[in-house]
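1. Predicted structure and sequence below. I'll ask about it afterward.
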Amino acid sequence: MKLVALALFGLLWLPAAGAQDAARADYMLHCQGCHLADATGREPYVPNMVNQLGRFLAVPGGRAYLVQVPGTAHSPLSDAEVAALLNWLVQEFSAPTLPADFQPYTEVEVAKYRATRALDIMARRRSLVVAMSNQATRRDRSE
């Protein structure tokens, strides 16, 4: 309760401006409780997002996965708010790993991915991690 009160108090100090501040506030209210303020999570139960999100965006299916994880797919945020939050997250915590051709999420794209529920999100994550590992191995061999 004390943590929630402090978070809400902190929101009063946020400038009334743009999407970056709103996304940061949404992270504080909807994600930080599990993923922590620095996005390091609580392995093995809550994944670390630091320098990981861009890696998901670089493999087929990874972009949809980030929208379809339960915390995102079932959040009370609108599709536009989720798009803004994801765009803020990847820049704030994973900018070094973003693919060169990264395109920001859109409200329409988030709505499409949220409409399709992932049946076994852990199996999906495992297959994406394997794909990321294979991609890194191929990249290392070509260097």
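-> Good, I have the coordinates.
2. Quick check: the residue nearest the centre of the chain vs residue 69, distance?
-> Averaging the C-alpha coordinates of the chain gives a centre point, and the residue nearest to it by C-alpha atoms, centre = their mean is residue 86 (4.9 Å). Note on residue 86: its distance to residue 69, by C-beta to C-beta, to the nearest Å, is 11 Å. (Glycine included, C-beta is placed from N, CA and C.)
3. Could you report the neighbour count for residue 91?
-> Here the number of neighbours of residue 91 (other C-beta atoms under 10 Å) works out to 16.
4. For the helix or strand hosting it, which outside residues touch it?
-> Secondary structure assigned from DSSP states H and E places residue 91 in helix 79-94. Taking C-beta atoms under 8 Å, 6 or more residues apart in numbering as the criterion, the residues outside helix 79-94 that touch it are 19-20, 22-24, 26-27, 30-31, 39, 49-55, 57, 66-67, 72, 75, 77, 98, 102, 104-111, 114.
5. Same question for the longest helix anywhere in the chain: list its buried residues.
-> With residue count as the measure and DSSP state H as the assignment, the chain has helix 121-142 as its longest helix. Taking 16 or more other C-beta atoms under 10 Å as the neighbour-count basis, helix 121-142 is seen to contain the buried residues 124-125, 128-129, 131-132.
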